[in-house]
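Engineer: pasting the structure only:
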């Protein structure tokens, strides 16, 4: 895998774990926590939502779904 792809996958995993640990977060919380642009966070959230791992109960807020996830290092 390309180093950029590996970085992106690690970041998406970290975003998922952060949401999972906090319960519900805002998009701005994620921007502040990870120090990346709102557009990048939105792309990461789109990947997670497409895979049914997060959902947005209201505009700009995110929470994890009940889908079981096997985490690897």
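Structural biologist: Arrived safely, thanks for sending. In this text the structure is predicted, and so the values were computed from the model without any measurement.

Engineer: Got the confidence number for residue 7?
Structural biologist: As predicted, residue 7 sits at a pLDDT of 90.

Engineer: Tell me the spacing between it and residue 45.
Structural biologist: Per C-beta to C-beta, to the nearest Å, residue 7 is found 17 Å from residue 45. In this view, the C-beta of every residue, glycine as well, is placed from N, C-alpha and C.

Engineer: repeat for residue 20
Structural biologist: Distance, residue 20 to residue 45, using C-beta to C-beta: 13 Å.

Engineer: Would you mind checking which helix or strand in the chain has the lowest mean pLDDT?
Structural biologist: None of the helices or strands of the chain scores lower by mean pLDDT, DSSP states H and E than helix 3-22, at a mean of 93.

Engineer: Go through it and flag the buried ones.
Structural biologist: Of all the residues in helix 3-22, those buried under the rule 16 or more other C-beta atoms under 10 Å are 8, 12-13, 15-16, 19.

Engineer: tell me the two of those that are most distant?
Structural biologist: Largest separation among the buried residues of helix 3-22 by C-beta to C-beta: 8 and 19, giving 16.7 Å.

Engineer: quick one: contacts of stretch 40-58?
Structural biologist: Residues outside stretch 40-58 that contact it (C-beta atoms under 8 Å, 6 or more residues apart in numbering) are 8, 11-12, 15-16, 19, 24, 27, 30-31, 34, 62-65, 67, 69.

Engineer: Would you mark the buried spots in it?
Structural biologist: Within stretch 40-58, the residues that count as buried by 16+ other C-beta under 10 Å are 41, 44-45, 48, 53-54.

Engineer: got any ranges where this structure has weak pLDDT?
Structural biologist: Filtered on pLDDT under 70, the chain yields the residue ranges 73.

Engineer: Return the subset of the buried residues of stretch 40-58 lying in helices.
Structural biologist: Those of these mapping onto helices are 41, 44-45, 48, per DSSP state H.
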